[in-house]
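>>> Sequence unavailable; structure follows:
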């Protein structure tokens with residue numbers, strides 16, 4: 001079985017030759033372990049694709065997650081200056097925005113002089129105003145920045161034709177370079193876009209103070225995400241991950257999850273499922289044959305109290321499944337209750353069992369997850385959340401070795 005076939009069998013609850021292995025790596029891990037400038041990994045689609053494939057080959061993972069959309073090919077032409085300051089890259093753009101790219105963490109973009117990027121005010125916002133959707137503080141804009149888009153200011157972001165061709169560039173490049181690997185792509189949950197629109201503290205207040213405004217914004221963002229799903233689905237990835245990091249307990253309650261998260265994400269999951277139509281990306285080497293396109297959701301932290309609500313949506317799988325103390329998911333209990341409903345990916349404590357653990361603790365944790373996750377298929381061995389930047393490459397290589405030794409069917 002090749003990696004693509006193994007991952008598909010796991011997601012379909014089929015019988016792979018062994019448990020599939022696929023971790024999402026923090027961007028800082030690529031920065032530290034690839035011989036590319038961090039800003040090039042962050043902004044250049046071909047460089048990021050090369051880094052993704054390089055690490056997959058080093059660790060022999062069965063899947064690759066493309067978690068940043070493509071970038072415009074002329075992004076370097078928009079740079080006014082670039083220098084290293086205390087180990088971090090500082091990029092000043094012609095627009096006046098400033099981006100700092102640390103050696104081991106995500107890039108952060110600021111207004112001139114280092115001020116925070118502007119966010120919308122939930123008391124006065126008009127969510128239908130296209131300029132509001134282009135505020136630099138929004139997650140999409142933070143990664144691309146409006147002046148790099150090449151998208152008209154008045155363009156409708158719910159229209160797939162409004163997006164430039166480079167949007168799917170990284171996905172297509174990875175598919176070309178790794179045709180036998182399961183290649184997944186990520187979109188953000190409408191709820192994540194809402195958090196970024198107002199800023200996290202203000203967004204949580206808005207859920208209480210201005211729920212109707214939140215619903216209007218979520219409806220707008222859902223349409224935008226659906227357009228991005230349509231663009232990606234045309235390239236035939238092997239799965240689509242919906243990043244919904246901030247929807248666990250301790251952040252929002254079960255009733256809030258049911259009201260503000262599940263209905264909008266379900267529209268996305270349904271669109272992903274029917275998105276496996278004829279290939280439209282001419283260079284795509286993605287999945288073939290009109291198979292349903294799997295979806296899974298990445299939610300950090302305490303989600304043990306809302307797996308039943310997730311089961312009411314159309315999502316096929318759940319990612320992270322943070323165990324205590326980071327979260328509240330017991331893998332054995334989740335498998336017993338929902339093992340036929342979902343495929344599961346994760347549950348290895350990314351801090352206490354991967355980053356800080358000694359070798360014996362790490363290997364015992366991996367063998368434990370293989371023992372629990374393997375029966376009945378539907379399990380992908382992975383860190384619960386992203387692999388921390390400073391996890392040693394040798395430890396990640398060991399994951400597949402252990403899966404081959406203890407995860408065979």
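Received it, and whenever you're ready, just let me know what you need. Owing to the predicted nature of the structure, the values given are computational and were not obtained by experimental measurement.

>>> Low-confidence ranges, the stretch 51-200 of the chain, go.
Along the stretch 51-200 of the chain, segments meeting pLDDT under 70 span 140-149.

>>> need the helices for it, in chain order.
Ranges of helices within the stretch 51-200 of the chain are 139-144, 146-149, 169-177, 190-198, 200-209, based on DSSP state H, counting those that start in this stretch.

>>> Could you point out the helix or strand that follows the last one?
This points to helix 200-209. helix 211-233 (DSSP states H and E).

>>> Report the angle between that next one and helix 169-177.
Angle of helix 211-233 versus helix 169-177, following axes from the mean of the first three to the mean of the last three Cα atoms, to 10 degrees, is 30 degrees.

>>> which parts of helix 211-233 are buried?
Residues of helix 211-233 classed as buried: 213-215, 217-218, 220-222, 224-233 (neighbour count, 16 or more other Cβ atoms under 10 Å). C-beta coordinates here come from the backbone N, C-alpha and C atoms, glycine included.

>>> Now do that helix: everything it contacts.
Contacts of helix 211-233 with the rest of the structure, by Cβ atoms under 8 Å, 6 or more residues apart in numbering, involve 69, 122, 125, 127-128, 133, 157-160, 162-163, 167-168, 171, 185, 187-191, 193-194, 197, 203, 206-207, 240, 259-260, 264, 267-268, 271-272, 275-277, 293.

>>> report the angle between the axes of it and helix 200-209?
Using the same axes, to 10 degrees: helix 211-233 against helix 200-209 is 120 degrees.

>>> Now do the strands in the protein.
20-21, 63-66, 79-85, 88-93, 98-101, 108-110, 182-188, 239-243, 295-298, 317-320, 343-348, 379-383 (DSSP state E).

>>> any residues touching the first one, and which ones?
It refers to strand 20-21. 3, 6-7, 9-10, 60-63, 182, 380-382, 399-400, 403.

>>> hmm, 7 Å instead?
6, 7, 10, 61, 62, 380, 381, 399, 400, 403 (Cβ atoms under 7 Å, 6 or more residues apart in numbering).

>>> From these, pick the one nearest residue 310.
Of all the contacts of strand 20-21, residue 380 has the smallest distance to residue 310: 16.7 Å, by Cβ to Cβ.

>>> so the closest one bridges to which residues?
residue 20, residue 345 (DSSP bridges).

>>> Count the residues that sit near it.
29 (other Cβ atoms under 10 Å).

>>> Likewise for the one 3 residues further on?
Applying the criterion other Cβ under 10 Å, we find 28 residues in the vicinity of residue 383.

>>> Could you do residue 60 as well?
Count around residue 60 with other Cβ under 10 Å applied: 16.

>>> can you check residue 35 too?
With other Cβ under 10 Å as criterion, residue 35 counts 7.

>>> per-residue confidence at it?
In this model, residue 35 is scored at 96, pLDDT.

>>> From residue 67, how far out is it?
21 Å (Cβ to Cβ, to the nearest Å).

>>> Residue 82 now?
Taking Cβ to Cβ, one finds residue 82 at 24 Å from residue 67.

>>> more crowded one of these two?
residue 67 (21 against 15).

>>> and the nearest residue to residue 361 once chain neighbours are set aside, how many neighbours?
Spatially, and ignoring its direct neighbours in sequence, residue 361 is nearest to residue 353 (6.5 Å; Cβ to Cβ, 6 or more residues apart in numbering). The tally of other residues near residue 353 (other Cβ under 10 Å) stands at 22.

>>> Hmm, residue 353 is touching residue 362, no?
Yes: counting by Cβ atoms under 7 Å, residue 353 does reach residue 362; the two are 6.0 Å apart.

>>> hmm, back to that, out of the helices of the stretch 51-200 of the chain, flag the one nearest residue 332.
Across the helices of the stretch 51-200 of the chain, closest to residue 332 is helix 190-198 (Cβ to Cβ), at 28.9 Å.

>>> looking just at contacts, which helices and strands does the closest one meet?
helix 139-144, helix 200-209, helix 211-233, helix 262-273 (3 or more Cβ pairs under 7 Å, 6 or more residues apart in numbering; DSSP states H and E).

>>> That concludes my questions; thank you for your assistance.
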